[in-house]
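A.B. asks: Fold the stuff below for me.
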Amino acid sequence: AGSLVLAVHFYGSARAAPLIPSTALGALLLLLSALLAYSGIRRSLRNASLFVSLCLTISVFWCGYGVVFILGGQGVLNTTGDSRNALVPGLVTLTLALLIVAVVGFLCREVIPAVIASAVSLASAHEVAMHYSTAFGSSAVACNYMIVCLVGGYFALGRILYFLTKEKIALPGTDLAKKKTPEQIQSTSGSVNHFAVTGLILNMLSASVFGCRLLGVTGKLFVGQVPWLWAAGVYQVGVCVLSFRAMDVLMATFFGFTSILKFAGGYCLLYPIWQPEEPSFPTPFLVVFSILFAVLALFLTLKSPVDGLYLLFYVAYCIALACRPKGFFEGGPQGMDVAIFVASALMTLIHLYDVKASAKIPTGKGAVKALLARSSFLKLREGADLHAPYLGYSKYGDAEVLGYACSVLASFAVMMTGDPQAPLATVVIPWVVVAGGILKLLCGSVAFARGKTLESSAFILYAVMWIIWGLTRYGGLYGTTRSFHAVVGIIAFMLFNGFIVFCTLFLNTAWFFYSLTFLLIAVSFLLDAIHALPAGYDIAATLVFGLVSFYCFLSALFSSVFEGSCLPMGRPIVQLSGVGGGKTKCLHLPARKASSVKRIADILKNGGTCGIPTDTVYVLVAACNRPDAVEKAHRSKRQAQDRPMSLWISSLKQLEPAKHLLTPILWDFMEAAWPSPISLVVPRGEWVDFLGMKDSAKYVGTPQSVAIRIPDCSVTTHLIDLVGPIVVTSANPTGEADTTHHNQVYAKLGDKVDAVLCDGPSPENVASTVVDCTKIDSGNIGFFRVGIIPKSQVKLILILFLFP
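C.D. replies: Reported below is the predicted structural model:
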């Protein structure tokens, strides 16, 4: 659809009045770019294909392209050559990027994506030539886009037939569910980041804007090139999130860093709006940025030496920016942009080819791994639990590395006092708002998804503070005057942060100092708001906070790459009994994986106790044939005598050996009532001895009766199939409320159980209904507890059973 719109546009470009107005064309391209990005991301969740890189690359191009058309339609690009200077950097990048995609596609026999990529690449190359020579007409560009329309229509028809015929008919080249080689299956099962290619192409795009100026391809840097930089920045933040989803913490952090540079570059090109002179850059910040890039490059080299060497280009880039007061506008940084463009193109080829092809381009991964294998001090983190979250299942890697780095960047950025009369003359806002604000909000969201509630709350609070204060102080919002309202707002933030400082006493030492030193920065904001800031206090406060943040950054990096605690975060200053035990002693396994259920079953068979989800609330279980485990569960729970443990089975077949010891009417009622959240209290008898509990049977039921049920939960019944009958009690100390989330199991019993099977919130917040069946032979039942199943429904089951 997008190619058809562009084909119509270029066919009618020779007319006096265009067929599609520029503003309308830009709006259409923005809409189509969003749809294309959505389709690429959705497809990536199922299969790592060249299709993903193609969709996201064209999407970001159409996003920037559309905004440039809108600017042209609104008269912003009204000078001769403005349209060419605005469009060419993006077109050059798209031409080379899609040429790489096309080459890899043909080599890997993905013909349709390769044909589309090559056609769009040729169209972009023709458009670049058209801007520099009248010998090239717009019809050639339109013809290339028509090829994309035809091939895209064929692909769409093939997919429609594929779904309508229930996968029976697949046109050649349209079947995306291809069989993978064993090598590809092994590579996709690990933490392979398939979005790195898109991130590298975005680096090419931003470098092209400044590199084209140095090489004379474009005549100037101006507002018309901002769409490319900010489109690349927005998409780079998206790639950062998707990289966390791919469990690639180091590359996600790198893409977060580069997004800051993209937003800063676009911000600098907007300077003519508020001042005639080019803005200056804060040197201390850029030196610190280069140090962060260097440290990240060192750690990334341990995983992939080629990627680590690539990051050194950005180390040199930040140094070049620090050495030139006008930053992006001078030849040194622009020369590094050219180098980054070339290096990004080569890295794109390597990553894309290694993802698709069975024969890999060597990047030195095995050599570093073999070298570290000889070391007894440093051991790389590997295996299935590499990115396991603290509390349960998470789709994202740990974002704390990026969160601490953003704190470092924001703190050193605000060390620049600036000129109150010209607050925008120094480039500070992008570093504070993007690094300290937007990316820190992202890190807080990821931390929350991983069960780190306190850390996420702190990240989000600090992000809001950086955004508000950065815009207020460095955006010229209050100039030379001060306001009582600003003071009230800062005091409110300080109160919130005081609560966070108190909570971190129970977390670890590093987090306590991290939150405490941020309080010093909030005090400097307060003193500045009331005109009482001592000379040098703000610099000292930000320096202390920056150094503490840098230590946390290094500690998080070591934790994400190496086993053990090379740079520990420290123990809690105040240790509460029963809090945090699960972090070091208790396994947390996602319930949605069959391998996790099997692992829980093995723990139970070996005499362990576990917390598991059910059809109601979370419960604590032990295997009946392990008397030691039953006794351990009783001690862990601090079970009261008036609340005995119960028995669960997965089917009545597990009671077949003892069927003759149960009355026929009770047996038939159990068949009618189960599986369900109904526990039946039945008379105790010799049938209990068949379960193998021996002396621990005294902890189950009372001397006269035992509660038993079959849960209506596939995970639980599958576990019981693997283990056999289990002893069950609620996963909370006696007298406390039922646990309705695996986080609560950690908080209450984290240091007393061997594992927790995590499934998020319970489907119900109410426990099972407990029915007294000790007198069912006379047709009477009673109720010890009315839970999720009401009395009327239980009685209806009994009536239908007695009078069918």
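A.B. asks: Do you have the strands of the stretch 601-750 of the chain handy? List them.
C.D. replies: Along the stretch 601-750 of the chain, the stretches classed as strands by DSSP state E, counting those that start in this stretch are 610-612, 619-623, 646-648, 678-683, 705-709, 726-730.
A.B. asks: can you redo those as a markdown table with mean neighbour count and distance to Cys406?
C.D. replies: C-beta coordinates here come from the backbone N, C-alpha and C atoms, glycine included. Output for the strands of the stretch 601-750 of the chain, formatted as a markdown table (neighbours: other Cβ atoms under 10 Å; distance: least, Cβ to Cβ, whole Å):
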| stretch | mean neighbour count | distance to Cys406 |
| --- | --- | --- |
| strand 610-612 | 30 | 35 |
| strand 619-623 | 28 | 40 |
| strand 646-648 | 23 | 48 |
| strand 678-683 | 24 | 51 |
| strand 705-709 | 23 | 51 |
| strand 726-730 | 26 | 42 |
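A.B. asks: Would you check how far apart Ser792 and Leu454 are?
C.D. replies: Taking Cβ to Cβ, to the nearest Å as the measure, Ser792 falls 45 Å from Leu454.
A.B. asks: So for these two, which residue has more residues nearby?
C.D. replies: Using other Cβ atoms under 10 Å as the criterion, Ser792 and Leu454 rank with Leu454 on top: 15 against 7.
A.B. asks: Check what contacts stretch 119-129 and list those residues.
C.D. replies: With contacts defined as Cβ atoms under 8 Å, 6 or more residues apart in numbering, stretch 119-129 is touched by 3, 6, 10, 58, 87-88, 91-92, 94-96, 98-99, 102, 136, 138, 140-141, 144-145, 147-148, 151.
A.B. asks: Would you agree Gly331 is in contact with Leu214?
C.D. replies: Yes. Taking Cβ atoms under 8 Å as the definition, Gly331 is a contact partner of Leu214 at 6.2 Å.
A.B. asks: okay, the two: which has more neighbours?
C.D. replies: Leu214 (17 against 11).
A.B. asks: what's near enough to touch that one?
C.D. replies: Per Cβ under 8 Å, 6+ apart, neighbours of Leu214: 331, 334-335, 337-338.
A.B. asks: I'd like the strands of the stretch 601-750 of the chain as a markdown table, with mean pLDDT and distance to Glu167 appended.
C.D. replies: Formatted as a markdown table, the strands of the stretch 601-750 of the chain follow (pLDDT from 0 to 100; distance: least, Cβ to Cβ, whole Å):
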| stretch | mean pLDDT | distance to Glu167 |
| --- | --- | --- |
| strand 610-612 | 92 | 36 |
| strand 619-623 | 92 | 41 |
| strand 646-648 | 92 | 40 |
| strand 678-683 | 90 | 42 |
| strand 705-709 | 91 | 41 |
| strand 726-730 | 90 | 41 |
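A.B. asks: Could you dump those into JSON lines with distance to Leu171 added?
C.D. replies: Shown next, in JSON lines, are these (distance: least, Cβ to Cβ, whole Å):
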{"stretch": "strand 610-612", "distance to Leu171": "47"}
{"stretch": "strand 619-623", "distance to Leu171": "52"}
{"stretch": "strand 646-648", "distance to Leu171": "52"}
{"stretch": "strand 678-683", "distance to Leu171": "53"}
{"stretch": "strand 705-709", "distance to Leu171": "53"}
{"stretch": "strand 726-730", "distance to Leu171": "52"}
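A.B. asks: I'd like to know which of those is closest to Ala463.
C.D. replies: Shortest distance between Ala463 and the strands of the stretch 601-750 of the chain, using Cβ to Cβ, is found for strand 610-612: 33.7 Å.
A.B. asks: C-terminal to the helix or strand containing Met465, what's the next element?
C.D. replies: If you go by DSSP states H and E, Met465 is part of helix 453-474. Sequence-wise, the next helix or strand downstream of helix 453-474 (DSSP H and E) is helix 484-504.
A.B. asks: returning to what we had before: list the buried ones in the helix holding Met465?
C.D. replies: 455-470, 472-474 (16 or more other Cβ atoms under 10 Å).
A.B. asks: same thing with stretch 69-84?
C.D. replies: 69-73, 77, 82-84.
A.B. asks: pLDDT score for Phe210?
C.D. replies: Per-residue confidence at Phe210 stands at 94 (pLDDT).
A.B. asks: right, I mislabeled it, should have said Thr480
C.D. replies: 54.
A.B. asks: ok, now Ser83?
C.D. replies: Ser83 is assigned a predicted lDDT (pLDDT) of 89.
A.B. asks: And it, how far from Arg42?
C.D. replies: For Ser83 relative to Arg42 (Cβ to Cβ), the value is 34 Å.
A.B. asks: How about Asp751?
C.D. replies: Applying Cβ to Cβ to Asp751 and Arg42 gives a distance of 41 Å.
A.B. asks: Have a look at these two and say which one is more surrounded.
C.D. replies: Neighbour count, other Cβ under 10 Å: between Asp751 and Arg42, Asp751 has more, with 17 against 11.
A.B. asks: Report whether the expected contact of that one with Ser636 is present.
C.D. replies: No. Look at Asp751 against Ser636 with Cβ under 8 Å: they stay out of range, at 9.4 Å.
A.B. asks: a markdown table please, covering the contacts of Leu214 and showing secondary structure and distance to Ser595.
C.D. replies: Conversion of those to a markdown table gives the following (DSSP: H, G, I helix; E, B strand; the rest coil; distance: Cβ to Cβ, whole Å):
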| residue | secondary structure | distance to Ser595 |
| --- | --- | --- |
| Gly331 | helix | 57 |
| Gln334 | helix | 52 |
| Gly335 | helix | 52 |
| Asp337 | helix | 47 |
| Val338 | helix | 49 |
